[in-house]
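Colleague: need a 3D model of the following:
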Amino acid sequence: MLKGKTAIVTGSTSGIGHGMATALAAEGVNLVINGIEPPDRGAAIAEGFAKTHGVEAIYSNANLMEREGCEALVRAGEARFGAIDILINNAGVQHVAPIEDFPPEKWDAIIALNLCSSFHTIRTALPGMKKKGWGRIISLASAHGLVASPFKSAYVAAKHGVVGLTKVVALETAELDITCNAICPGYVWTPLVEKQIDDQARAHNIPKDRVIGEVILAPQPKKRFAQVEEIGALAVFLCSDAAASITGAALPVDGGWTAR
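Modeller: Take a look at the predicted model:
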């Protein structure tokens with residue numbers, strides 16, 4: 001059902017975004033991947049998708065911190081493939097600090113990338129989806145789109161905003177064959193999380209296994225990391241006809257974190 005469709009996946013050169021792009025490519029979906037890699041490195045990653053899965057893939061390093069970059073990303077996909085069928089907003093950035101010490105420039109950057117970019121890409125891609133009569137929009141909202149943690153004011157605010165934006169878009173497209181949902185992961189095993197474990201182990205002067213259980217996964221009743229393949233499989237399902245009635249949902253993949 002998805003073979004031959006086209007997806008934009010932001011932040012897809014590594015981690016969760018790469019996992020979702022891989023899962024879609026395995027279904028025959030053409031890709032517009034995006035990241036901050038140099039053009040030659042990004043092109044090589046796109047070529048890897050093409051060779052492995054027999055799809056067409058292009059790379060854009062459009063700056064999603066700016067409205068013009070978000071628009072350029074969508075226009076590049078439309079120029080190459082026509083209307084965008086699937087839009088996955090995954091790119092994000094994080095900073096941790098008490099509110100009184102939170103650098104305003106960090107707040108602005110986190111809101112811009114984690115929230116505003118989703119608005120601008122959706123706004124730009126939606127007319128093409130409406131014209132085609134089909135579309136799937138997914139945003140990565142995190143468990144922090146549903147609950148809060150200390151010292152993450154900008155990230156939590158942005159992710160709560162993504163959940164709200166998702167609901168609005170779902171309502172505005174409810175009578176069309178277009179859905180808009182948010183995936184809300186807890187901790188997913190990625191190189192970024194692996195680095196956080198090393199950093200926390202040094203900071204707390206405790207072994208990695210204690211960092212995992214007592215620090216990183218402390219909020220999660222299920223003491224395991226989700227795998228990028230799990231997020232990819234959920235994204236594919238949300239794009240399928242079987243999920244046509246799922247819209248406006250914020251779906252936790254968080255090991256029970258938000259069940260408390």
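Colleague: okay, domains of this structure per the record?
Modeller: 6-188+227-259, 189-225 (automatic domain parsing).
Colleague: how long is the longest one from one end to the other?
Modeller: Going back to what we said before, that points to domain 6-188+227-259. 35 Å (Cα to Cα, to the nearest Å).
Colleague: and residue 179, that one's in a strand?
Modeller: Yes. Judged by DSSP: H, G, I helix; E, B strand; the rest coil, residue 179 forms part of a strand.
Colleague: that one pairs with what?
Modeller: Here residue 179 sits in beta bridges with residue 136, as judged by DSSP bridges.
Colleague: ok, back up a step: in TSV: the domains of the chain, plus mean neighbour count and mean pLDDT.
Modeller: Any C-beta I mention is one placed from the backbone N, CA and C, and that applies to glycine too. Listed next are the domains of the chain as TSV, based on neighbours: other Cβ atoms under 10 Å; pLDDT from 0 to 100:
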stretch	mean neighbour count	mean pLDDT
domain 6-188+227-259	20	97
domain 189-225	14	89
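Colleague: can you show me the helices along the stretch 151-260 of the chain?
Modeller: Shown for the stretch 151-260 of the chain, the helices assigned by DSSP state H, counting those that start in this stretch span residues 153-172, 191-204, 208-211, 228-239.
Colleague: Serialize those to CSV and add fields for distance to residue 83.
Modeller: Converted to CSV, the helices of the stretch 151-260 of the chain look like this (distance: least, Cβ to Cβ, whole Å):
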stretch, distance to residue 83
helix 153-172, 17
helix 191-204, 32
helix 208-211, 46
helix 228-239, 15
